[in-house]
Every structure is written in C-alpha cells, then in structure tokens.
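1. Fold the following for me, if possible:
(2 chains)
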Amino acid sequence: MATTYFTEDHEWLHVEGDMATVGITDYAQEQLGDIVFVEIPQVGKGLTKGDTAVVVESVKAASDVYAPADGEVTEANETLSSDPALVNSAATGDGWLWKMKLSDKSQLDGLMNEAAYKAHIG
Amino acid sequence: MAGDEIRYLPLENLHNQAGARFGAFAGWNMPLTYPAGVMKEHLHTREHAGLFDISHMKLFEISGKDTSALLNKACPLDAGSLAISQSKYTLLLNEAAGIIDDLIVTRLGDDRFMVVANAGNASEDEAHLRNMAKGFAVEIDPLDRVFLALQGPDAWAALSRAGIETGSLLFMHGIEPRENWFMTRSGYTGEDGFEVGLPEKDARELVGKLLEDDRVMWVGLAARDSLRLEAGLCLHGNDITPDTNPVDAGLMWAIPKEIRASGKFVGADALRAILANGPLRKRVGLKAEGRQPVRAGAALVDAGGNAAGQVTSGGFGPSTGFPVAMGYVTAPLAANGTQVFADVRGAKVPLTVHSLPFVPHRYRKG
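-> Now for the predicted structure:
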C-alpha cells in the first residue's frame, strides 16, 4: 500500500515498499513561480538526508530541493529537461523529480501526512 | 541604505487586492509578482501594456540659477544644452569615475530640472548633491509622489483612453501635464512607455481607470528585472557600482564627446585616464547555450580555465526563450561569439558573448 508523506521543506514522497517518488508540493511550486530549468540527479547517485538532490530554477532564482531521506536515485524525470514547467502545472503528478530506493525507512517516521502538512502551510 | 526600516508603497493596499506576492528590494516592500506570474507579466508587457509601481524610486526637483552648474559638476553632462522637456540618461560619478548612481535628468524650465534616482541610492545621492551644492544657488526638493510606469506597445493608447493625453511627447522627453504631475516617455523595459509621478489621490484614480482596460495589467519587480535584462539595461548595484566606470560598463554613449574632453565634472580626470589606457574589462551580454540559467555572482573562465570575469545579472529571458545574462569579461574576450564558461555549482556552463540588447528596443523616437 502506498503512503504519501510531506516534509517541512515542502516536498512530497510517495512511498511503496522501499521505493519513493519525490516531488515538490503545489504550495512550493506556487512560491517559486515559473520554473524554467530543473537540474535532475544522476541515476545511481547516493543521497543522504538533507543533501541537495535537485536544483529548481525559476525565472528569478535557484532553489535547492533536499533529499528527504537516505537512499539511491533509481530514476530521474527526464521529461523535465524539455518541459520544466510541468513542475508548475503538475507538481504532485507528472512533475515529480526523482525516484529513490530508501535505505532507512525509519526516517519517514518524522514526516507529516497530508492533514499535518496542510496545517503546516496554514 | 540607511537603517533597516522597511518602507511601504503608498498604494500597497491595491497590490494586496491584486494578489501580489511581496519581497524586500532596496529597503522597500515591493510587489514581486502577481497571480499571473513573472512569465505572463513579462510577455504581456511586450505584447500590450504592463503597469508597474516604481514609487520606490525617488524624484528630486532641483531649481535655482546654478542648477545647470551643479548638474554639470555632479554628472558628465551639459545640462544647459538640453532643450526644455528633454531628458538625458546620465551618471553620478565619484572622483575615480566610479558610478554612484545612474539617473534620468529632465529639463523642466530655464533653471529647473527633475532628477529620477534609484531607490537604493536615493539618500546617498541626495547627501552627495547637497554636499556638492554648497556655494551654489540651488534648491534640492525630494518629492513625495507615487511613481507609476506603463510600458508596452499599448501604453500610449491605454493612457489616452484613461484620459491622459500625451500629445506629441517622444522618447526621452518629459512634461508636467497637471499640477504636481511629472510624466516622461521612457522606461526600463526596452518598450515604448511612460513614467508618471503624481500625488497619491490622483494615482489611485489613474490606476483604477487603467486597470479597466484589458490591455493593462499589474506587473511586478521580477518581470521588471527580466524585461530590463533582455533590453540590456544596467541595474545599479549589480551591473554598475561605485567600483565600475562608464568605460568598462559600455556607457560612454551617455557622455557627449566634448564633455569627455573638456568636462569639469567630478571624475573627469580619472575618466580621461581610463579612456587613454583603454578598458581592462567590458560589460557584455551572455547567452546560455542550454536551458540552465546563470545568475549574478557566477565566476567566468575562458576555454583554458583562466579567470575571465563575472556575471552581474542573469536569469531566464521569457521573450528570448533562453537564459540571458550580463557580466564583465576581460577585454580580449569581449567580442561577440566568444565562448566563456560560468561556474554554476561546480559545473561549467557554456555561454556565448552576445550583443546587447537581447530583444530590440521599440522606443517611440519620432
């Protein structure tokens, strides 16, 4: 069964077993504004919780997206190279950023569910 | 900028009503974007008309019989040669010919001029001018005005529909159409347009009328920045500073030849020496080859990995469709088509030196 988690840094993780799909929330994409470039990670890259995994560039500024947990990148969303605006139009769907194999699922315990995240962004 | 106090625009409630997102700029709480977003706001300005609240910028009225003499000392300018209603882009220089600020000076009368200064430099400019004005018969009045810019190909028609006749006003000319109003045909987007300084009450009425027009929408500071960058226009504090001079910055077009030779302005000797030796570095446009934007502060290297300069402004160009930047490169690398590389988070991003502007100016010159 899949579960969706949220971080304080406005990322979402869709977790099935030990595999997670990661993206930024609708709130985050709205804050960033029009996204023009996404620096996607290399497949096979090892991530430690808190590392910069992806850089999302809007017209005005570059913003880091942090790894929400330890693991290894298994897939990056290549569509974003030609259509970075997908992160704006479908942040929680086709605008996902990367998929990863989680190495320590206990790290998910401190994350929020959707109701808690909604309360977090007020 | 003096103090940490944030200042608020007189029309802030209108920006709130329009759903603006705010951010700090030069000590002011400024609307950065509206719900349309920077991309749509930018493109709308190039296609129709964007309405900008630029009340953070400062208007100074300078009057008195020595006004021309003061301006000729403070700036590389022959103020007395300007016709009444003529505007001129000029610079406030220090002794080393470094750029304290860039200004638009408009002659309003025989001994009366309007000076438009950048927000972040306004108090320093005022102190500098007052200090220099000792012994001159002049009065320097900082004006309390709302300052609006309407920019884009429909700006003229939209103003006219709102009941503001601009008559035969051409690019880089300014008039006082009503009491306490100051209006120039100019702007900082590369498009035809107007800037209007006016009392708050009149501004609220004008904004209301303008926004009834489908061709007009609010445009925030984020798009103002991408518009001016595509137009190759300098942002003081980024592309020009007290440590850059007009020769390196490629702004010598703003300084008439006879003034360069004989001018008595502050910084004249330093400027002549820089001209005689030739610039060591030059401001250039930089076009990214991929889609990755290169931002202000990124270091530049040449093909051999040698230090080549620095990016001073950069972002994505909504009208060009590719990332655009400006920066300084060593003089031998300044030719169009030269390849340099920017360091972005450790990766070398290829850039090509590109002529400025990236998007042709569409000023209404006659």
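
2. can we go C-alpha only for contacts and neighbour counts from here?
-> Noted.

3. Can you list the low-confidence ranges for chain B?
-> Chain B contains residues with pLDDT under 70 at B:1-4.

4. If we use 90, what do you get?
-> Scanning chain B for pLDDT under 90 picks out B:1-5, B:165-168, B:261-264, B:289-290, B:345-346, B:364-366.

5. what does it put close to chain A?
-> B:Gly37, B:Val38, B:Met39, B:Ala222, B:Ser226, B:Arg291, B:Gln292, B:Pro293, B:Arg295, B:Gly315, B:Phe316, B:Gly317 (Cα under 8 Å from any Cα of the partner chain).

6. burial measure for the residue in the stretch 251-366 of chain B positioned nearest to chain A, as a count.
-> Residue nearest to chain A within the stretch 251-366 of chain B: B:Phe316 (5.1 Å; Cα to the nearest Cα). Residues near B:Phe316, counting by other Cα atoms under 10 Å in any protein chain shown, number 30.

7. which residues does it bridge with?
-> Going by DSSP bridges, B:Phe316 is paired in beta bridges with B:Pro323.

8. tell me the contacts of it?
-> A:Val36, A:Ser58, A:Val59, A:Lys60, B:Ser226, B:Pro293, B:Phe322, B:Pro323, B:Val324 (Cα atoms under 8 Å, 6 or more residues apart in numbering or on different chains).

9. Burial check on the fifth one, number of neighbours?
-> Going back to what we said before, that points to B:Ser226. Neighbours of B:Ser226 (other Cα under 10 Å): 26.

10. tell me which element it falls in.
-> Per DSSP states H and E: B:Ser226 is located in helix B:221-230.

11. Beyond that helix, next helix or strand please.
-> helix B:257-262.

12. Please export the alpha-carbon coordinates of that following helix; CSV is fine.
-> Output in CSV follows, covering the C-alpha atoms of helix B:257-262 (Å, rounded to 0.1, in the frame of the first residue of the first chain):
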residue,chain,number,x,y,z
LYS,B,257,32.4,63.7,-26.7
GLU,B,258,33.0,67.4,-25.9
ILE,B,259,32.3,66.7,-22.2
ARG,B,260,34.7,63.8,-22.2
ALA,B,261,37.5,66.1,-23.4
SER,B,262,36.8,69.3,-21.5
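
13. What helices and strands are in contact with whatever helix or strand comes next after that helix?
-> With elements assigned by DSSP H and E, the helix or strand that comes after helix B:257-262 is helix B:268-277. Judged by 3 or more Cα pairs under 8 Å, 6 or more residues apart in numbering or on different chains; DSSP states H and E, the packing partners of helix B:268-277 are helix B:257-262.

14. Show the contacting residues for residue 9.
-> All of this is about chain A. A:Val65, A:Tyr66.

15. Actually, chain B is the one I wanted.
-> So B:Leu9 contacts B:Trp28, B:Asn29, B:Met30, B:Ser55, B:His56 (Cα under 8 Å, 6+ apart).

16. Please identify which pair of these lies farthest apart.
-> B:Asn29 and B:Ser55 (10.9 Å; Cα to Cα).

17. more crowded one of these two?
-> Just comparing B:Asn29 and B:Ser55: by other Cα under 10 Å the higher neighbour count belongs to B:Ser55, 23 against 17.

18. B:Ala122 versus the more buried one, what's the distance?
-> Distance, B:Ser55 to B:Ala122, by Cα to Cα, to the nearest Å: 12 Å.
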